[in-house]
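In: Build me a model:
(chains A and B)
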Amino acid sequence: MRKGGAAVGAAMVGREAAVAAVAAELEDSAGKAAGAAAPALSPLSETLWRDRAAAGGVLLGDVSARLAWRDLAVTVALGTGDTQAVLQGLTGHAEPGTITALMGPSGSGKSTLLDALAGRLAANAFLSGTVLLNGRKANLSFGAAAYVTQDDNLIGTLTVRETISYSARLRLPDKMPWEEKQALVEGTIIEMGLQDCADTVVGNWHLRGISGGEKRRVSIALEILMRPRLLFLDEPTSGLDSASAFFVTQTLRGLARDGRTVIASVHQPSSEVFTLFDCLYLLSGGKTVYFGKASEACEFFAQAGFPCPPMRNPSDHFLRCINSDFDKVKATLKGSMKTRFERSDDPLEKITTSEAMRRLINYYQHSQYHINAQQKVDEMARVKGTVLDSGGSQASFAMQAFTLTKRSFINMSRDFGYYWLRLIIYIVVTLCIGTIYLNVGTGYSSILARGACASFVFGFVTFMSIGGFPSFVEDMKVFQRERLNGHYGVLAFVISNTLSAMPFLILITFVSGTLCYFMVRLHPGFMHYLFFVLALYASVTVVESLMMAIASVIPNFLMGIIIGAGIQGIFMLVSGYFRLPHDIPKPFWRYPMSYISFHYWALQGQYQNDLKGLVFDNQDDELPKIPGEYILENVFQIDVNRSKWLDLAVLFSMIVIYRLLFFVMIKISEDVTPWVRGYIARRRVQNRRQRKVELAARSPSLRGYVVDVASLPADHP
Amino acid sequence: MDGGSNVEAWRGAVSPAARYAESGGASLTWENLTAVLPGGGGRATKKLVQGLYGYAVPGRVVAIMGPSGSGKSTLLDSLSGRLARNVVLTGKVLLNGKKRRLDYGVVAYVTQENILLGTLTVRETLTYSALLRLPSSMRKSEVRRIVDDTLDEMGLRECADRHIGTWNLRGISGGEKKRLSIALEILTRPRLLFLDEPTSGLDSAAAFSVVQTLRQLAVDGGRTIVSSVHQPSSEVFALFDDLCLLSSGECVYFGDAKLATQFFAETGFACPSRRNPSDHFLRCVNSDFDDVAATMKGSMKLRAEAELDPLLNYSTTEIRERLVEKYRISDYAMMVRNTIHEITKIEGVVEEVIRGSEASWFKQLRTLTSRSFTNMSRDLNYYWLRIIIYIVMAFCLGTIYYDVGTSYTAIQARASCGGFVSGFMTFMSIGGFPSFIEEMKVFTLERQNGHYGVAAYIISNFLSSMPFLLTVSWASASITYWMVKFRPGFSYFAFFALNLYGGVSVIESLMMIISALVPNFLMGLILGAGVIGIMMLTSGFFRLLPELPKIFWRYPVSYIVYGSWGLKGGYKNDLIGLEFEPMMPGQPKLKGEYIITEMMGLSLNHSKWLDLAMIFVLLFAYRVTFFVVLKVKEAAAPYIRVAYTRFTVKRLERRASFRKTLAMTSLSKRHSQPHPMAIQEGLNSPMPY
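Out: Residues are numbered from 1 along each chain as shown, chains lettered A, B, ... in the order given. Alright, predicted model coming up:
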């Protein structure tokens, strides 16, 4: 396979040909590869690619991904304006059909390298050097390559099959018939060995679901659904037991053998897992310790003077040699304890780990492995291959919105904490309200009681919406992952969330509104009832939208709840119940605050709805009865000229405004914030450079992310 | 591979392990240990562990290894006397040749989770724990010396003055946390130490440092250490002295860890040279690999890679059976029995019973109060955030009701201002919920280990929160009072502030009760909000007290919520003695007393101070309820656990997944992954920032 690629590459050297020519060439070679070179695509993948080409008229070519990187360096701007070189001068490559493991101690930069290759670096990290995909400068962000993150953000209430099939519907082209999508989903399930748990729910805080290894495989399954040629995985085995880790890695190897390029950062693989890797990229302190075949690494270490002792996992040995934390461990132990270390035959006992690391890095720089890697990268840079299309969603917007709505609805209906728990609490609270104001009547005292009842319903009952905040946060996590992988747009998410929540909110408000209305016996008449329930629905939805908008601005969950509660408290205060509208201080509180407050509109509407047309007893029977209109104007100080339906309309328009706000906030945090952060980081670095650079104090933590520069050799580039 | 490669040579002589036992200290032996989960309700009886023999002697570290669900935790729990009540244990567990109750507090047990107060430094954590548990007669310098020694012993000197770290505060590393957890247990110098998977979640260097420290503890202190361990790396594995390898509850190997490779080689499953022996052992006995192989064969073409792993030729079930069979009749097994026999013959000093705490009650109270206060003052979320919100809210209230005056509408305004203060302001107590739950976790753990009593905890919590609550109520009361211009006079202001303080404290106690009852943050939030809402409704503001339905709402609910008392007192404090403009000009002025009796429907029979006193009575009652709830919870916990286990087993039996063969895995709750929403992680917002 590799040979074939090189031959094609040689034939194409110097040919700055038109796209058609290249395409023809590639098609030719792909045909040959599929025919001759045995381990091409799995039957499943192959069909898909053929279909895709036939359906869309996309050029079918050598769809494999050859990734090469040269002199890669990443510098991170620290908060103080210092810069920190996280990666330095890395050169390497990854080829189709192989699985490359990025290994190194914590803080060695393996995740940074993975992020750099996948184009997902944080805004305050600066990349230099080249990353080439099929000989072209790669732009891999937002969905072009599949990236499996370390934590499995899955929707806990869906079964494995549902999770995968919703994802398929979200991303596969609309044109594709449903049977084919289904076949693809089933194929993926089988490929990832998820048959046995396909109908088990993923699991959340109250549902017991699949195991950790299964979750990880579901995460991978979601990413391979679009048959990407390039797959990045961040620590796919961490947190799994040995059998699960082995299974996951074995699956990855199977995926690689289908002609994919798999790159995974790995943390302490077990012996079985380690033997499954083809290539090994060993990093320490941001520098290359070894790059080459995993099976030859032992030899390399032996040549460098650190042979792997028998009965030892090679990867454990490598990490032992280059993990400078061991120096600290030894220092700590020596300082505080009396006995010495045993096993004095170990070469590592005589020198410090930092010294071993320096030797290894030096040795690698002058070794054949390094030269081979450079040659290979040069070669790969010369071959200009296919531009891989984006792995992002190909489904239409309508399809995305529809699928998301459906998925979100199912999730809400299964998650007990999302709405059901609230429904129960709402019913309990409204029953309390109903019994306390039972049959309120038209006595003199009932005037105030009706006002208080409306105020409580629209104030505190809507307040309970904050209970859905945690579930919403969970939703947002899933959104974040899928958004980063380009599964769908922000608009589709916002719309789907609005639509799917609607039935539940209607149910909740209808049930509790009805209970309250009939128990208290508010103004009789169907229209009055309808208005009451609609106003309640609108208020609850506004609160939900408000909380969502807050969630997208406030970075912290608890602060979100406290600030949300605070804002609602202030809104309630200016709603016209706690202080009569005319008495509210004009600047700020009356204009604009009370007009922004949704409670104000809800109360204005509800008071009219309830009192208009009723006649109340006076303090004494001799005194004339009081008409509701009089009370509205003089006691509650309400503008009776404005129709109550206008108030309701304002409420509904507030829903739209808050949702728009939510949309804008997500967009800002997605586009503007990283840009600002990057800009600030650049400015800081520039400022700092002008002054004299001083090294930041570092934490002596064993797991500190920051690399100890002092321990690195000074002569190194 | 040092020494004693010839097993035969050891016959007849005193085994080396027994020689360790002679040195004194605690020697633990177990013979024919079988733990059974009895059936019932149509379920088969389950054997968790079966016929285990083994020993743990001073100066050596015993590692209990095995795949998930092999009975590691069951064995550890049986040895440390922490087994669930519904599990029947047979066989002998002897401490220094005698049968002992190894219950809570007698041996040191380090759990897998590190439950620590994140705001304290390492030294503070140790010092507080020492003060809580060491005898009160001990002088301060002695305590300090013990703490310093422990810090040295655990290699924590470097990070002694650093914070442990909370969700928003980066602290010490995972390895350091684990060593701190161990340090807390060895403070009282136990001879016997149990650890549950001390290395999981740590990277290789940190794991190495933890196990190296354990070894030092064993060697230097002559301690007996038993630890379960999950997939140790090569370096870590090399540090263990004795190995107990379990698979599906049966013993695959027990004996010197160095000889285990030899045993495997003799049985025909030699460890390949470039392989970590412990990985190899687990590979041989982990029946999950069968399922993996089966699933893979079904789903993927293995592409003639079978030769990659010679073990794939056998199923692990076969390998396991052969190993278990071979071990049973091997010299290794015989040696173990001989050694056990020798150890039990040795007349050891019987371990003194370590009680949970030797400190006096007042010392405990003082220490707890001080610790709790330190925690509260450092945790931003606990009170500081709320103080800020309270002050902001007070300013809003102050400007909205600015200079309320004595017009006719001011009557309603004053009443609703009072209602808002006592209702909404107390509502914000919900913000402290996550911190409450965090604190409850620490309490539960320490309570289990018998560090202090429930009463000491509750009183300390009340005392340490008092300064903060006083600050909160004083600050917001003074802002509101002066801006709104309530009735002037210092005693009126004092009443207002005290009233608010009482209300906030009552709600705080209520929240503590709820946080003790609910399983997670979400439920607490919803339940707390619901309860507060109902309390507000019955306090006499939203519906006047005389109009409340008599049954239930008026009697007793309105009497047991603080709001009604707070409002009554507040109205009396503010209105009595004032005169208001009438509704129509020309009518006589309205007196405060008239307003209270006629418009609010309240009686003036008792003074406002009695109302205030009632709030404090309620506060006391709520704290007592909290005490009762905790006590009841403790007493009921075992029954709940039994029910939970039953339920889990039933559920697992119905599950179709490739892990179904390991149904008993999940019997120990500790392996269930805490849901991110649980406490801390859920606090982080999903949005990038």
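In: Can you give me the distance of residue B:525 to residue A:135?
Out: Going from residue B:525 to residue A:135 by CB to CB, to the nearest Å gives 55 Å. For the C-beta atoms, the positions are set from N, CA and C on the backbone; glycine is no exception.
In: neighbour-wise, which of the two wins?
Out: A direct count of neighbours by other CB atoms under 10 Å in any protein chain shown for residue B:525 and residue A:135 places residue B:525 higher, at 22 against 19.
In: tell me which element that one is part of?
Out: Under the criterion of DSSP states H and E, residue B:525 resides in helix B:521-537.
In: can you pull the buried residues of that helix?
Out: The neighbour-count check on helix B:521-537 (16 or more other CB atoms under 10 Å in any protein chain shown) flags B:521-537 as buried.
In: Check the offset of it from the chain's centre.
Out: 24 Å (CA atoms, centre = their mean, to the nearest Å).
In: Is any residue of the next helix or strand after that helix near chain A?
Out: Beyond helix B:521-537 on the C-terminal side, the first helix or strand identified by DSSP H and E is strand B:551-552. Yes. Strand B:551-552 lies within reach of chain A by CB under 8 Å from any CB of the partner chain, at residue B:552.
In: neighbouring contacts of strand B:551-552?
Out: residue A:435 (CB atoms under 8 Å, 6 or more residues apart in numbering or on different chains).
In: Show me the domain layout of the chain.
Out: The chain I'm using is chain A. A:2-12+A:25-56, A:397-578+A:595-618 (automatic domain parsing).
In: The intended chain is chain B.
Out: Annotated domains of chain B cover B:7-107+B:191-214+B:224-345, B:114-189, B:361-639 [automatic domain parsing].
In: Just send the ones you listed back as CSV, with mean pLDDT too.
Out: Shown next, in CSV, are the domains of chain B (pLDDT from 0 to 100):
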stretch, mean pLDDT
domain B:7-107+B:191-214+B:224-345, 80
domain B:114-189, 88
domain B:361-639, 87
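In: Pipe the ones you listed into a markdown table and attach distance to residue A:541 per row.
Out: Shown next, in a markdown table, are the domains of chain B (distance: least, CB to CB, whole Å):
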| stretch | distance to residue A:541 |
| --- | --- |
| domain B:7-107+B:191-214+B:224-345 | 42 |
| domain B:114-189 | 31 |
| domain B:361-639 | 18 |
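In: Can you tell me which of those is nearest to residue A:642?
Out: With respect to residue A:642, and counting by CB to CB, the nearest of the domains of chain B is domain B:361-639 at 21.7 Å.
In: how far out from the middle of the chain is the closest one?
Out: Distance, centroid of domain B:361-639 to centroid of chain: 29 Å (CA atoms, centre = their mean).
In: Over to stretch B:113-129?
Out: In terms of CA atoms, centre = their mean, the centre of stretch B:113-129 is set 13 Å apart from its chain centre.
In: now do stretch B:32-41
Out: Centroid separation for stretch B:32-41 versus its chain: 28 Å, with CA atoms, centre = their mean.
In: Give the buried residues for it.
Out: Using 16+ other CB under 10 Å as the test for burial, stretch B:32-41 gives B:33-37.
In: Out of those, which is nearest to chain A?
Out: For those, the minimum distance to chain A (CB to the nearest CB) is 18.4 Å, reached by residue B:37.
In: wait, isn't that closest one in contact with residue B:45?
Out: Yes. Proximity of residue B:37 to residue B:45 meets the contact threshold set by CB atoms under 8 Å, at 6.9 Å.
In: which SS state does the closest residue to residue B:280 other than its chain neighbours fall under?
Out: Leaving out its chain neighbours, the residue that sits closest to residue B:280 by CB to CB, 6 or more residues apart in numbering or on different chains is residue B:271, at 4.2 Å. What DSSP: H, G, I helix; E, B strand; the rest coil gives for residue B:271 is coil.
In: near chain B at all, stretch A:408-421?
Out: Yes. Against chain B, stretch A:408-421 shows contacts by CB under 8 Å from any CB at A:417, A:421.
In: mean confidence score for that stretch?
Out: For stretch A:408-421, the mean per-residue pLDDT is 89.
In: ok, residues contacting it?
Out: A:155-158, A:162, A:201, A:204-207, A:467-468, A:470-471, A:475, A:496-497, A:499-501, A:503-505, A:507-508, B:522-523, B:526.
In: show me where chain A has strands.
Out: Along chain A, counting by DSSP state E, strands occupy A:67-77, A:83-94, A:99-103, A:125-133, A:136-137, A:146-148, A:230-234, A:261-266, A:279-284, A:287-293, A:587-588, A:591-592, A:615-616, A:626-627.
In: Tell me how far residue A:395 lies from chain B.
Out: 23 Å (CB to the nearest CB, to the nearest Å).
In: Which residues are in contact with that residue?
Out: Residues in contact with residue A:395 (CB under 8 Å, 6+ apart) are A:169-174, A:403, A:488.
In: before we move on, what about residue A:380?
Out: For residue A:380, the contact set (CB under 8 Å, 6+ apart) comprises A:9, A:66, A:68, A:93, A:132, A:135.
In: What residues does the fourth one make contact with?
Out: If I follow you right, that is residue A:93. Residue A:93 neighbours (CB under 8 Å, 6+ apart): A:66-69, A:373, A:376-377, A:380.
In: For those, give me CSV that also has pLDDT.
Out: CSV is the format used below for the contacts of residue A:93 (pLDDT from 0 to 100):
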residue, pLDDT
A:66, 85
A:67, 88
A:68, 89
A:69, 90
A:373, 91
A:376, 91
A:377, 90
A:380, 87
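In: would you turn these into CSV with distance to residue B:210?
Out: Shown next, in CSV, are these (distance: CB to CB, whole Å):
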residue, distance to residue B:210
A:66, 43
A:67, 38
A:68, 40
A:69, 36
A:373, 37
A:376, 41
A:377, 41
A:380, 44
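In: got the contact list for residue B:455?
Out: Contacts were defined as CB under 8 Å, 6+ apart; by that measure residue B:455 touches residue B:627.
In: Next SSE downstream of the one helix or strand it maps to?
Out: Using DSSP H and E, residue B:455 sits within helix B:454-484. Scanning forward in sequence from helix B:454-484 by DSSP H and E, the next helix or strand is helix B:490-517.
In: quick check: angle from that following helix to helix B:521-537?
Out: 140 degrees (axes from the mean of the first three to the mean of the last three CA atoms, to 10 degrees).
In: For helix B:490-517, which residues meet the burial criterion?
Out: Quick answer for helix B:490-517 (16+ other CB under 10 Å): B:492-493, B:495-516.
In: again, but for stretch A:554-563
Out: In terms of neighbour count (16+ other CB under 10 Å), stretch A:554-563 has its buried residues at A:554, A:556-563.
In: Just the mean pLDDT for stretch A:78-93, thanks.
Out: Here the average pLDDT along stretch A:78-93 is 82.
In: nope, stretch A:559-572 is what I meant
Out: Averaging the model's pLDDT scores along stretch A:559-572 yields 85.
In: For residue B:124, see how far away the residue nearest the centre of chain B is.
Out: Taking CA atoms, centre = their mean as the criterion, residue B:441 is the residue nearest the geometric centre of chain B, at 3.4 Å. As judged by CB to CB, residue B:441 and residue B:124 stand 18 Å apart.
In: again, but for residue A:244
Out: For residue A:244 relative to residue B:124 (CB to CB), the value is 39 Å.
In: Same question for residue B:624.
Out: Relative to residue B:124, residue B:624 is positioned 31 Å away (CB to CB).
In: out of those two, which sits in the more crowded spot?
Out: residue B:124 (20 against 13).
In: who's in contact with the closest residue to that one other than its chain neighbours?
Out: Once flanking residues are discounted, residue B:124 sits nearest to residue B:374: 6.9 Å by CB to CB, 6+ apart. Listed by CB under 8 Å, 6+ apart, the contact set of residue B:374 reads B:119-120, B:124.
In: Can you lay out those residues as CSV showing secondary structure?
Out: Shown next, in CSV, are the contacts of residue B:374 (three-state DSSP):
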residue, secondary structure
B:119, coil
B:120, coil
B:124, helix
